[in-house]
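Engineer: Everything below, folded, please.
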Amino acid sequence: MTAYTGGILTISDKGSRGEREDTSGPQLQEMLREQGYSLVAYAIVPDEITIIEETLRTWVDEKKIDLILSTGGTGVSPSDLTPEATRKVLDREIPGIGEAMRLASLQKTPNAILSRGIAGIRKESLIINLPGSKKAAQENLAAVLPALQHAIYKIKGGSKDCGS
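Structural biologist: As a prediction, this is how the structure comes out:
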């Protein structure tokens with residue numbers, strides 16, 4: 001198993017002001033560490049498109065992080081703009097990741113249909129939007145985690161067949 005790098009970006013107005021403890025970010029860090037990822041970046045930013053976009057660009061273009069997980073801002077509230085910010089930086093979307101996460105969540109709550117998280121590729125990095133709650137973020141990541149190492153391998157030009 002190749003050791004890939006990971007970054008966790010928590011998107012929360014209250015969290016960025018220190019008014020709310022980030023519980024999903026540390027949970028996601030632990031899940032990635034258990035899978036052998038090296039965590040190289042963690043930040044909490046407000047629900048502002050330009051800040052989210054700038055952070056994602058920096059983490060991909062300068063830090064070259066292999067897997068970036070954002071948590072928060074994927075719902076339908078007026079301030080939930082994470083998918084819009086993410087879409088601005090992607091080269092290509094991977095719809096199946098968001099679909100798989102919503103399908104897994106739908107087994108637990110009908111509110112899963114309100115999640116708008118997307119996933120995609122920028123350069124050689126995979127970016128995935130997860131919900132902001134610790135439980136939902138954990139469940140969503142668990143639904144797609146088994147495929148992520150192979151996805152990153154292929155994004156980086158790996159030539160081994162998917163069925164191998």
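Engineer: Does anything pack onto the longest helix seen in the chain? Which helices or strands?
Structural biologist: Identified as the longest helix of the chain according to DSSP state H is helix 134-155. Judged by 3 or more Cβ pairs under 8 Å, 6 or more residues apart in numbering; DSSP states H and E, the packing partners of helix 134-155 are helix 24-34, strand 67-71, helix 95-106, strand 125-130. For glycine as for every other residue, the C-beta is placed from the backbone atoms N, C-alpha and C.
Engineer: distance between that helix and the chain's centre?
Structural biologist: 9 Å (Cα atoms, centre = their mean, to the nearest Å).
Engineer: buried set for it?
Structural biologist: Within helix 134-155, the residues scored as buried using 16 or more other Cβ atoms under 10 Å are 134, 136-141, 143-144, 148-149, 151-153, 155.
Engineer: and stretch 114-121, which residues are buried?
Structural biologist: Here stretch 114-121 shows 115-121 as buried, counting by 16+ other Cβ under 10 Å.
Engineer: From the residues you listed, pick the one nearest E34.
Structural biologist: A119 (20.3 Å; Cβ to Cβ).
Engineer: returning to that earlier point: can you flag which of the buried residues of stretch 114-121 belong to strands?
Structural biologist: The strands, defined by DSSP state E, take in 119-121 from these.
Engineer: I'd like these written out as TSV, with pLDDT and distance to L39 added.
Structural biologist: Listed next are those as TSV, based on pLDDT from 0 to 100; distance: Cβ to Cβ, whole Å:
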residue	pLDDT	distance to L39
A119	98	19
G120	98	21
I121	98	20
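Engineer: about what we covered before: report the angle between the longest helix of the chain and strand 67-71.
Structural biologist: Helix 134-155 and strand 67-71 meet at an angle of 160 degrees, taking axes from the mean of the first three to the mean of the last three Cα atoms, to 10 degrees as the criterion.
Engineer: And the contacts of helix 134-155?
Structural biologist: 1-2, 4, 23-24, 27-28, 31, 35, 66-67, 69, 71, 94, 97, 100-101, 103-105, 108, 115, 117, 119, 121, 124-126, 128, 130-131, 160, 162 (Cβ atoms under 8 Å, 6 or more residues apart in numbering).
Engineer: re the thing from before, just flag the most distant two among the buried residues of stretch 114-121.
Structural biologist: Farthest pair in the buried residues of stretch 114-121, by Cβ to Cβ: S115 and I121, 20.3 Å.
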